[in-house]
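*Asks:* Structural data only, the sequence is not supplied:
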DNA sequence: CGGTGACTAGATAGATCGCTCTATTCCCGG
DNA sequence: CCGGGAATAGAGCGATCTATCTAGTCACCG
């Protein structure tokens, strides 16, 4: 039961990758921030930075998926559920000075054309999010195919809002995207 | 004379930054791809990588802004103009195997929390795009404030679609985002 | 008690990073 | 022709990158 160090490395790497990106984060920087010995890094991740990156991507994806389920899930009105989730994202952006954004977007763009295993990991995560949001929308009474397409619209709007809100240091894009998304869900009902 | 070395360096850097990001692109890699001598790089860009990055961001922003004006501008029906622009982006993605995407999105996310001068450059570019798209929408008869908000929605949808389409290697997010954007413009008329 | 594998610990290799330096070539007005 | 600034050319600096290596520590089991 000595998974403490590995978990601490993963948590720290998640945070650093989200803020500084994949190529912008060094292995030494990770172990230093995690207060972990360098040797432990390659003991737990013999596949090196790429293995660490892949585990971070998949773990971040699972966590954010669960966050959506926890926030929107209990809200039966799907329009309100989507609206609340976007508002929460906007609040988190402001509260963290625009660092607390999508955990994999930066990495996804960095590796899309340079590292196929990591690109596939990000694709799997996005697909799982599409499935999760789509399932939530079906619970609200939307048919399967419209729900799938609408889920893509919603995630697309949120990812783009992270880009603009972080660059502009303004919550407006996220709030505008949320209104757009909620309207689209309402129209689909 | 002809195409100067400085221009060639800028063009090459634009391409490499777009595909591999800011931290993922080396100075040696740039001069090698540009077939330029290393010394010329620091002659033309005494401010180093940061100055080069800022010039690339602003130049890319201007070029993409002009591209929008060239593609959508001649189309008087703003709904069709927006639709055509998204379809063009989807075609470009497929034709380039998902490399020909937003020229500054990757860099914008990378530097948002790490390099304030570059973050400001990306913010200026996004603001200029909001202004450009907003002006186009006003030409279609939409009032100033709704046009501004709608422009944010459109750009947000497009940026998010670049993220998902590149990761999933599918044009669907871009096509779905385009339909969403066109619908929103139609509703605003 | 001795052994065994998991884990910690960090020095270090080899490559690459951004950048500086000097030397050379080119262009052009005087 | 020549003088001189602009531009080209690339060797090389210190720092840092990812990854490997050996050595030491620890818990647990026969």
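*Replies:* That came in fine, so what should we check first? Note that this is a predicted model, so its numbers are computed, not measured.
*Asks:* from here on, contacts and neighbour counts on C-alpha atoms
*Replies:* Noted.
*Asks:* Spit out the contact partners of residue A:15.
*Replies:* Taking Cα atoms under 8 Å, 6 or more residues apart in numbering or on different chains as the definition of contact, the neighbours of residue A:15 are residue A:103.
*Asks:* for residue A:57, that is, sorry about that
*Replies:* Applying Cα under 8 Å, 6+ apart, the residues near residue A:57 are A:14, A:103, A:104, A:118, A:121, A:122, A:125.
*Asks:* Now chain A against DNA strand C: closest residue?
*Replies:* Ranked by Cα to the nearest atom of the strand, the top residue of chain A for proximity to DNA strand C is residue A:39, at 3.2 Å.
*Asks:* count of residues packed around that residue?
*Replies:* Using other Cα atoms under 10 Å in any protein chain shown, residue A:39 is surrounded by 9 other residues.
*Asks:* The helix or strand hosting it - contacts with which helices or strands?
*Replies:* Secondary-structure element containing residue A:39, defined by DSSP states H and E: helix A:38-44. Other helices and strands packing on helix A:38-44, by 3 or more Cα pairs under 8 Å, 6 or more residues apart in numbering or on different chains; DSSP states H and E, are helix A:4-20, helix A:27-33.
*Asks:* Report whether it contacts DNA strand D.
*Replies:* Yes. Taking Cα under 7 Å from any atom of the strand as the criterion, helix A:38-44 and DNA strand D are in contact, through A:38, A:39, A:42.
*Asks:* Check which helices and strands the host helix or strand of residue A:130 sits against.
*Replies:* Secondary-structure element containing residue A:130, defined by DSSP H and E: helix A:116-139. Here helix A:116-139 touches helix A:48-72, helix A:105-111, helix A:144-168, helix B:144-168, going by 3+ Cα pairs under 8 Å, 6+ apart.
*Asks:* Can you tell me which of these is most buried?
*Replies:* helix A:105-111 (a mean of 27; mean count of other Cα atoms under 10 Å in any protein chain shown).
*Asks:* Show me what stretch A:30-41 is in contact with.
*Replies:* Residues lying outside stretch A:30-41 but in contact with it, judged by Cα under 8 Å, 6+ apart, are A:5, A:6, A:8, A:9, A:12, A:13, A:16, A:28.
*Asks:* For chain A, what lies in contact range of DNA strand D?
*Replies:* Counting by Cα under 7 Å from any atom of the strand, the residues of chain A close to DNA strand D are A:23, A:25-29, A:38-39, A:42, A:46, A:48-50.
*Asks:* Can I get the helices and strands packed on helix A:116-139 in CSV including distance to residue B:80 and mean pLDDT?
*Replies:* Below are the helices and strands packed on helix A:116-139 laid out as CSV (distance: least, Cα to Cα, whole Å; pLDDT from 0 to 100):
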stretch, distance to residue B:80, mean pLDDT
helix A:48-72, 34, 97
helix A:105-111, 29, 97
helix A:144-168, 19, 98
helix B:144-168, 13, 98
